[in-house]
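Participant: Sequence and predicted structure are below.
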Amino acid sequence: MHLAVAFLASALVCTLALDNGLMRTPPMGWLAWERYRCDIDCELDPKNCISENLFMDMADRLSEDGWRELGYVYVNIDDCWASMDRDKQGRLQADPKRFPGGIPKLARYMHDRGLKLGIYGDMGTHTCGGYPGTTLDKIETDAQTFAEWGVDMLKLDGCYSNATEQAEGYPRMSKALNATGRPIGYSCSWPAYQGGLPPKVNYTQLGEICNLWRNYGDIQDSWDSVLSISDWFYKNQDVVGPAAGPGRWNDPDMLIIGDFGLSMDQSRSQMALWAIMAAPLFMSNDLRTISSGARAILQNKMVIGISQDPMGVQGKRLLMKKSGIDVYWRPLSENTSALVFFSRRNDMPYRYQTSLGKLNYTAGTYKVFSVFTEKVATLKDTSDFVVSVNPTGVVLLYVSAPAKHRQFHANAKLHGPAYFRHDDLDNAIPPSFL
């Protein structure tokens, strides 16, 4: 039996999605927190403080530098945007010194550029940064305020609250957002505060109230952080994986590609592992100064196509070899799939030999495209091939649907997964993908 069939049989035992019609594929955009944290000293650092100018700058880059057309449409404010006091009507308000136009001005700025605005709140007395939170008595007020401001997404954190308040508050905010009549994507941090796993976390319920949710701790700008988060998700893939699907996503946190902590190989690894995971793709970097190498990884159309596959099935880790090579797999639409070969090694490139048959692909002939090197091959399931994987790096392959008797066209180009056309590959069979 084809591996996809076996996995899909279990994946179809899934939850109902939040009925707001949003985020049918993993959301993409830019988020302030990891790169900028709670920098509110605009006199000391006016270009990088949490202010309307920072978010307008990022909106300009998304709309002018090709990001928006690839799907990066959200510009998300995180903590530390609010005034320390609510207004006389008990509503949240932005710090007037850093957001003189208020949040509605930012929302209009985003919408005028074909973008969407996300904002941060907290299910507690205070946000994690010490700003006013959304206590139970303020849920409906805050939901209506966000809707009136033109907000398109809410991330609701869980600092300064307890399990009882979270169990009431997170579902209530979902209902309150829907009741406003404005489509607002809903990101819940609830499972991260309850250990991320059943029985404390009910993933069926999460899929019914949230579009995405944080399961685990915050990402930091380091390879160790990326690896520990990835390992947690893949270690628990049989529990968290079936919860994901169109309109409901596990969120391993931001992409830190283009910051300071990752090499180019490690950046490709995070992008590939997040794509296999069907994770939201929220960058946290400086789009004004991002390097060409980081930009190329984040704007790779084929990786984005894998991430955004409309079937929405979260992939999984198949193998962890003693050699230090892990193999990951994700089923995609039209009976295609993606494979990742990831190296945990720190010493030198490793040549890993396998075949599609050994990875449980059915008998047939496949067209295979190495996404980051753009090498192409036609492979039978029995044909051995070699991937050379750099230390802490990946080889990401897009694999076509099997064909037993199909003639392939030489001298043609691949376009795809949502962008891909499955008849257009070269005939050559290289001994390795580099």
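Facilitator: On my side now, so go ahead. All values reported here derive from a predicted model rather than from experimental measurement. Residues are numbered from 1 along each chain as shown.
Participant: From here on, just use CA atoms for contacts and neighbour counts.
Facilitator: Fine.
Participant: Near the residue lying closest to Gly324 once chain neighbours are set aside, how many other residues are there?
Facilitator: Distances taken as CA to CA, 6 or more residues apart in numbering place Arg344 nearest to Gly324, at 5.0 Å, with adjacent residues excluded. Applying other CA atoms under 10 Å, we find 18 residues neighbouring Arg344.
Participant: show me the residues around Arg344 that make contact.
Facilitator: Gly324, Ile325, Asp326, Pro391, Thr392, Gly393 (CA atoms under 8 Å, 6 or more residues apart in numbering).
Participant: before we move on, what about Lys316?
Facilitator: Tyr234, Gln237, Gly241, Ile276, Met277, Tyr328, Trp329, Arg330.
Participant: cutoff 7 Å now
Facilitator: By CA atoms under 7 Å, 6 or more residues apart in numbering, the contact list for Lys316 reads Tyr234, Gln237, Tyr328, Trp329, Arg330.
Participant: If it is in a bridge, with which residues?
Facilitator: Beta-bridge partners for Lys316, by DSSP bridges, are Trp329.
Participant: go on, the one 4 residues further on?
Facilitator: Assessed by DSSP bridges, Met320 has beta-bridge partners Asp326.
Participant: Going forward, the N-terminal residue is numbered 43.
Facilitator: From this message on, residue numbering opens at 43, which makes the last subject Met362.
Participant: how near is it to Asp273?
Facilitator: 11 Å (CA to CA, to the nearest Å).
Participant: thinking again about what came up before, what is the nearest of the contacts of Arg386 to Ile226?
Facilitator: Of all the contacts of Arg386, the one with the least separation from Ile226 (CA to CA) is Gly435, at 36.5 Å.
Participant: what about the helices in the stretch 43-192 of the chain?
Facilitator: 45-53, 75-78, 94-106, 109-112, 144-154, 181-191 (DSSP state H, counting those that start in this stretch).
Participant: Just give the nearest non-adjacent residue to Ile346, would you?
Facilitator: With CA to CA, 6+ apart as the criterion, Ile346 has its nearest non-adjacent residue at 7.2 Å, and that residue is Ala317.
Participant: Need the contact partners of stretch 114-129.
Facilitator: Residues contacting stretch 114-129 (CA under 7 Å, 6+ apart): 70-75, 80, 92, 101, 134-137, 157-162, 171, 173-174.
Participant: Span of it from start to end?
Facilitator: 33 Å.
Participant: Ala185: neighbour count?
Facilitator: Ala185: 24 neighbours (other CA under 10 Å).
Participant: Please disregard the earlier target; I meant Asp307.
Facilitator: 16.
Participant: Likewise for Met70?
Facilitator: Burial of Met70 is recorded as 23 neighbouring residues (other CA under 10 Å).
Participant: and the gap between it and Asp83?
Facilitator: For Met70, the distance to Asp83 - CA to CA - is 28 Å.
Participant: secondary structure element for Leu219?
Facilitator: helix 205-221 (DSSP states H and E).
Participant: How about the residue minimising distance to the centre of the chain, nearest residue that isn't a chain neighbour?
Facilitator: Geometric centre of the chain, nearest residue: Pro322, 2.0 Å, by CA atoms, centre = their mean. Nearest residue to Pro322, sequence neighbours excluded (CA to CA, 6+ apart): Pro68, at 4.6 Å.
Participant: Next: Val193.
Facilitator: Leu159 (5.4 Å).
Participant: For the stretch 293-442 of the chain, which segments are assigned as helices?
Facilitator: 306-318, 334-340, 343-349.
Participant: Show me which parts of the longest one are buried, residue by residue.
Facilitator: Of all the residues in helix 306-318, those buried under the rule 16 or more other CA atoms under 10 Å are Asp307, Gln308, Ser309, Arg310, Ser311, Gln312, Met313, Ala314, Leu315, Trp316, Ala317, Ile318.
Participant: for the residue nearest to the centre of the chain, what are its contacts?
Facilitator: Pro68, Pro69, Met70, Asp293.
Participant: ok, now with 6 Å
Facilitator: By CA atoms under 6 Å, 6 or more residues apart in numbering, the contact list for Pro322 reads Pro68, Pro69, Met70.
Participant: Could you report the neighbour count for the closest residue to Ile181 other than its chain neighbours?
Facilitator: Leaving out its chain neighbours, the residue that sits closest to Ile181 by CA to CA, 6+ apart is Met215, at 5.9 Å. Met215 is flanked by 25 other residues according to other CA under 10 Å.
Participant: Check what pLDDT Met215 gets.
Facilitator: If you check Met215, the pLDDT there is 98.
Participant: State the distance from it to Thr222.
Facilitator: In terms of CA to CA, Met215 sits 11 Å off from Thr222.
Participant: And Ala101, by the same measure?
Facilitator: 26 Å.
Participant: can you pull the contacts of the residue nearest to Val193?
Facilitator: Listed by CA under 6 Å, 6+ apart, the contact set of Leu159 reads Tyr116, Val117, Asn118, Ala149, Val193, Asp194.
Participant: What is the burial count for the fifth one?
Facilitator: Val193 has 26 neighbours, counted by other CA under 10 Å.
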